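**Q** Dropping the sequence and predicted coords here.
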Amino acid sequence: MDPQSIVSMLKQARDKEFANSPQLSLGELIAKIEVLGVKRDNDGDDKQIRYDFGTSIPTCLDSYRGSYDELALGYKLTGYDDGSAPRSIKAKDLLEHLKSAIGKEFTGWKGGEFRMSEQTPVWVANCGDSNSTAIVGVLDAGYSLIILTSYIEY
């Protein structure tokens, strides 16, 4: 079997696995944030956005080291965990950042260029990490949005 056939088989298996998982694609994550809204109902101020673990907030997008053709949304600890990090991020700013990734090429950890689409799975990992933490939802907590995560084996 030639290398291209092997790559094609692996891609088909991953697509089937992803289709049957709760993990969100880039387009689904964008849609969930848009449906929940980036403004607070009571005063119209911007909602903040954070992860469901610790005091962490989302940072930048990168190619996921576990699979270079998938995305990783990084994180930083805030508050007492790391006083030097920004304490919050606005949901509208993250939404803009996510939208800008559609059609953009990202460089894999060991090279190669990978174009992301609305169908691209999104993980939580900082550059160079792969930890099987997937984004599975977004919760509206009124004043902020919470990105929900789950362990999903790749």
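**A** Right, received. Where do you want to start?
**Q** Can you check which helix is longest in this protein?
**A** Looking across the chain with DSSP state H, the single longest helix is helix 3-19.
**Q** end to end, how far does stretch 61-75 reach?
**A** 10 Å (C-alpha to C-alpha, to the nearest Å).
**Q** For this structure, just list every one of the helices.
**A** Using DSSP H, helices in the chain cover 3-19, 26-36, 91-100.
**Q** related to what we said a few turns ago, for the longest helix of the chain, list every residue counted as buried.
**A** Using 16 or more other C-beta atoms under 10 Å as the test for burial, helix 3-19 gives F18. In this view, the C-beta of every residue, glycine as well, is placed from N, C-alpha and C.
**Q** Number the chain from 58, please
**A** I'll keep to 58 as the first residue from here, and by that count the last item is helix 60-76.
**Q** which residues are in contact with it?
**A** Helix 60-76 is contacted from outside by 82, 124, 178, using C-beta atoms under 8 Å, 6 or more residues apart in numbering.
**Q** min pLDDT across the residues you listed, which one?
**A** Ranked by pLDDT, the contacts of helix 60-76 bottom out at S124 (89).
**Q** beta partners of that one?
**A** Counting by DSSP bridges, S124 is bridged to Y121.
**Q** who's in contact with it?
**A** S124 neighbours (C-beta under 8 Å, 6+ apart): 71, 178, 187, 211.
**Q** Would you mind measuring from it to C117?
**A** According to C-beta to C-beta, to the nearest Å, S124 stands 18 Å off from C117.
**Q** ok, now V92?
**A** 24 Å.
**Q** out of these two, which sits in the busier spot?
**A** Of the pair V92 and C117, C117 is the one with more neighbours under other C-beta atoms under 10 Å, namely 13 against 9.
**Q** By mean pLDDT, flag the weakest helix or strand of the protein.
**A** helix 60-76 (a mean of 83; mean pLDDT, DSSP states H and E).
**Q** all strands for this protein, in order.
**A** Counting by DSSP state E, the chain has strands at residues 105-108, 113-121, 124-134, 162-164, 170-172, 179-181, 190-197, 201-208.
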